[in-house]
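1. sequence unknown, structure follows:
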């Protein structure tokens, strides 16, 4: 019987899953998919390891699944398709925030879950839902070990000066500092970069994880030296619905002059801003690139501008730049966005290859370019599977 590793990424309205077969050093994908609309009209889709659609199902709007129902539906489907061919040996979860205490993949118990609840205010769009999935499985299948893999872990190498806010020390000592996120994605890129560009792996690289959530990470010798995301996952770059870096005085103004409270502000900066807020149309980059609306064009321009500014900042933090890597949904698929960013980075010595970019790379800089540029698909699920395998099955 095959040993299987289930990887889950639970969000507020969806449950993404990948089922791996434990095949030694590199687990192999057996199935992947997601259940969307778990609070409204739930929809299930699954593909096999070759990408072929193998299952589809919908539930009526009046019977939303929630996290518990979605996980029960997933396990029921697994029993149906696997039969006696395999059993789930462990479940690995993406958990956004581990704070200062949890800096490596961790076997979860009730005490640790209670600890991780403390970080819910720091990642309200993610953390409560990540933990909800763990609790459902712990209730239904307490025999299955579960491993929390943290998006903050990769950034523990960031120097203290790059972690510190200029606030009274007593607050810093309570843990108010820059943590950085998207660490599982950056960790994957660091794991494959030596095979793609050995010079970049040894040197100074900026990785741009661009998607609905977006950030950039400066790496020196494959270690994180700085990240645009900070104490929470709303800092740094403009995102799909998140504002990114904003003058704190704006928050005070909105409270004093517009009567907004903490919850109003939370909704504004996490759910109503970013590409959606500026365009007034959509948080989806594909929609904005296809639109003739001038506000869509302004949103795209601001997205590229913020990335270009942060690229300069991160290059300064590294003392120079050897390589730029694009990953994430936008980074991997939106050639026009890569085009604009690379052309704006010409001052760094990046000689852009337009044809290679249009073809999707992987290298999108010309031969002899002082700074190489790459498109590298990320694989956070594989990183979680590897961590889970090492923590439970090794």
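-> Looks like it came in fine. Since this is a predicted model, take the numbers as computed values, not measurements. Residues are numbered from 1 along each chain as shown.

2. Contacts for the longest helix along the chain, please.
-> Assignment by DSSP state H gives helix 294-318 as the longest helix of the chain. By C-beta atoms under 8 Å, 6 or more residues apart in numbering, the surrounding residues in contact with helix 294-318 are 162, 204, 206, 208, 210, 214, 216-218, 220, 225-226, 228, 236-238, 244-245, 275, 278-282, 285, 287-289, 291, 321, 324, 337, 340-341, 344-345, 348. Using the backbone N, CA and C atoms, a C-beta is placed for each residue, glycine as well.

3. Is it possible to mark the buried ones in the residues you listed?
-> 162, 204, 206, 208, 210, 214, 216-218, 220, 225-226, 228, 236-238, 244-245, 275, 278-279, 282, 285, 288, 291, 321, 324, 337, 340-341, 344-345, 348 (16 or more other C-beta atoms under 10 Å).

4. So which of those residues sit within strands?
-> 204, 206, 208, 216-218, 220, 225-226, 324 (DSSP state E).

5. now, the most widely separated pair of these?
-> 208 and 220 (16.4 Å; C-beta to C-beta).

6. Where do the domain boundaries of the chain fall?
-> Residue ranges for the domains of the chain, per automatic domain parsing: 2-150, 198-380.

7. Same list, those domains, but as a markdown table with distance to residue 389 and mean pLDDT please.
-> As requested, the domains of the chain are exported to a markdown table (distance: least, C-beta to C-beta, whole Å; pLDDT from 0 to 100):
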| stretch | distance to residue 389 | mean pLDDT |
| --- | --- | --- |
| domain 2-150 | 6 | 93 |
| domain 198-380 | 14 | 98 |
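
8. So residue 131 sits against residue 115, correct?
-> No - with contact defined as C-beta atoms under 8 Å, residue 131 does not count as touching residue 115 (10.4 Å).

9. Strands of this protein, residue ranges please.
-> Going by DSSP E, the chain shows strands at 2-10, 14-21, 28-36, 43-48, 53-58, 86-95, 106-107, 146-150, 204-209, 215-220, 223-227, 323-327, 372-375.

10. Tabulate these (JSON lines), appending distance to residue 261.
-> Compiled in JSON lines, these are given as follows (distance: least, C-beta to C-beta, whole Å):
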{"stretch": "strand 2-10", "distance to residue 261": "28"}
{"stretch": "strand 14-21", "distance to residue 261": "29"}
{"stretch": "strand 28-36", "distance to residue 261": "31"}
{"stretch": "strand 43-48", "distance to residue 261": "35"}
{"stretch": "strand 53-58", "distance to residue 261": "38"}
{"stretch": "strand 86-95", "distance to residue 261": "28"}
{"stretch": "strand 106-107", "distance to residue 261": "35"}
{"stretch": "strand 146-150", "distance to residue 261": "30"}
{"stretch": "strand 204-209", "distance to residue 261": "32"}
{"stretch": "strand 215-220", "distance to residue 261": "28"}
{"stretch": "strand 223-227", "distance to residue 261": "29"}
{"stretch": "strand 323-327", "distance to residue 261": "37"}
{"stretch": "strand 372-375", "distance to residue 261": "43"}
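
11. ok, back up a step: residue 131 and residue 115: which is more packed in?
-> More neighbours surround residue 131 than the other of residue 131 and residue 115, with 24 against 16 (other C-beta atoms under 10 Å).

12. who's in contact with that one?
-> Residue 131 neighbours (C-beta under 8 Å, 6+ apart): 95, 113, 116-117, 120.

13. of those, closest to residue 64?
-> Using C-beta to C-beta, the contacts of residue 131 come closest to residue 64 at residue 120, 21.9 Å.

14. What is the neighbour count of that closest one?
-> 16.

15. Pull the contacting residues for it.
-> 127-128, 131.

16. Among these, which ones are in helices?
-> 127-128, 131.

17. could I get those residues as TSV with distance to residue 16?
-> Formatted as TSV, those follow (distance: C-beta to C-beta, whole Å):
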residue	distance to residue 16
127	16
128	16
131	16
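
18. from the residues you listed, which is closest to residue 29?
-> For those, the nearest to residue 29 is residue 131 (25.1 Å; C-beta to C-beta).

19. one step back: please identify, among the contacts of residue 131, the one with the most neighbours.
-> Busiest of the contacts of residue 131 [other C-beta under 10 Å] is residue 95, holding 31 neighbours.

20. Roughly how far does it sit from residue 290?
-> 35 Å (C-beta to C-beta, to the nearest Å).

21. again with residue 13
-> On the measure of C-beta to C-beta, residue 13 and residue 290 end up 24 Å apart.

22. So those two - more neighbours on which side?
-> Using other C-beta under 10 Å, the more surrounded residue of residue 13 and residue 290 is residue 13, with 14 against 10.
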